[in-house]
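Q: Fold the following.
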Amino acid sequence: MTGAALLRPDVVARVRSLHLRARQTVAGLGVGLRRSVHVGQAVEFADYKPYTPGDSLRDLDWRVLGRRDRPVVRRYRAETEMGVTLCMDASADLGSTPEKWSQALGVAATVAWLCLLENEPVGLDILGGEGSPVRNLPARRGRTHLARLFTALGSLRPAGRAGLAEGLRRVGTRAHPRGLVVLVSDFMEPPDVWAGALDALVQRRADVRAFQVYDARETGLDWALPLRLYSPEGGADQALDPAAMRPLVQEEAARFFGEVRGELRRRRGVHVLVEARGSLVDAIGHFLRGVGSP
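A: As a prediction, the model looks like this:
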């Protein structure tokens, strides 16, 4: 995509819509909750210094005092720039309904906006899709960087497969140790294929938080007449009677959501289930609290 193409009216309109939705969602969170987005609160030992009146006694190193008969205190360096990596699934399946795709974009835009407000560097990795001028953006701060990120999201169209396993392994090789990795996906790939790729993030002690976006009309077969279903990512059509198949499909959807949640929780990740027409404020609230969906 050329630079001129980025200025197409439809792209500009989508970018503006993402800005507006992100600001409105953050405004609905409340000040106290918004401040909990910080992820870089870990500290590491730096060096020693002689104790002076006023230093915290909790930082006294008693072992050194016993050996050298002089008090010293430990000094630490705050790891305040852990960074946020935003992984956006742009597969064809995530665009199976307009509402599902819109909700996924809204989640990603809101997380990016929160990072701007809290001065957290945020990067973007796009898995699948087409139309974006970039596939990834290194984590940076500032409004100029955020504008590039929003332009990438506003230009993006769902297409192809996400390739979650490959994408997560790629992110795992460059994610900052102890950083925050945010996944936005429907996870419509077999968990036994992609779940192992999360281990690279675990080894880097990343804080993994995932939004699983779904459309209740699809998982609940919310149609009255017989129809044919197909996957945007290929495969044979499937004829079915919604009334007859609804209980089975709902049961399978619940099992699938539980399986994704289980793979994330086994790796100390957070799983937030997001319905396509549900409250984005509630979803972001669960994400910020680090508790996942009930």
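Q: for the stretch 151-294 of the chain, what spans make up the strands?
A: Applying DSSP state E, counting those that start in this stretch to the stretch 151-294 of the chain gives strands spanning 180-185, 207-214, 227-229, 238-240, 270-275.
Q: I'd like to check the angle between the longest one and strand 180-185, please.
A: Comparing the axes of strand 207-214 and strand 180-185 via axes from the mean of the first three to the mean of the last three CA atoms, to 10 degrees yields an angle of 10 degrees.
Q: So which other helices or strands are in contact with strand 207-214?
A: If you count contacts as 3 or more CB pairs under 8 Å, 6 or more residues apart in numbering; DSSP states H and E, strand 207-214 packs onto helix 98-117, strand 180-185, helix 242-265, strand 270-275, helix 280-289. The way it works is simple: take the backbone N, C-alpha and C, and place the C-beta from them, glycine included.
Q: Quick check: which ranges of the stretch 1-150 of the chain have low pLDDT?
A: In the predicted model of the stretch 1-150 of the chain, residues 1-7, 31-48, 54-58, 62, 64-66, 68, 75-82 satisfy pLDDT under 70.
Q: V122 touches W113, doesn't it?
A: No: counting by CB atoms under 8 Å, V122 does not reach W113; the two are 9.4 Å apart.
Q: re earlier: tell me the most buried of the helices and strands packed on strand 207-214?
A: Using mean count of other CB atoms under 10 Å, the stretch among those with the largest mean neighbour count is strand 180-185, at a mean of 26.
Q: what residues does that one touch?
A: 39, 82-89, 91, 94, 104, 107-108, 111, 127, 162, 164, 168, 171, 175, 201, 206-213, 287 (CB atoms under 8 Å, 6 or more residues apart in numbering).
Q: Return every residue with contacts to both of V122 and W113.
A: L146.
Q: Domain-wise, how is this structure divided?
A: In the domain annotation for the chain, the residue ranges read 8-36+82-289, 43-78 (automatic domain parsing).
Q: Excluding chain neighbours, what is closest to L273?
A: Closest residue in space to L273, ignoring its immediate chain neighbours: S293 at 4.2 Å, by CB to CB, 6 or more residues apart in numbering.
Q: Kindly report the same for A195.
A: E263 (4.1 Å).
Q: contacting residues around the one you found?
A: 191, 195, 198.
Q: re the thing from before, can you redo the strands of the stretch 151-294 of the chain as a markdown table with distance to V12 and mean pLDDT?
A: Below are those laid out as a markdown table (distance: least, CB to CB, whole Å; pLDDT from 0 to 100):
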| stretch | distance to V12 | mean pLDDT |
| --- | --- | --- |
| strand 180-185 | 23 | 96 |
| strand 207-214 | 25 | 96 |
| strand 227-229 | 35 | 64 |
| strand 238-240 | 39 | 68 |
| strand 270-275 | 26 | 96 |
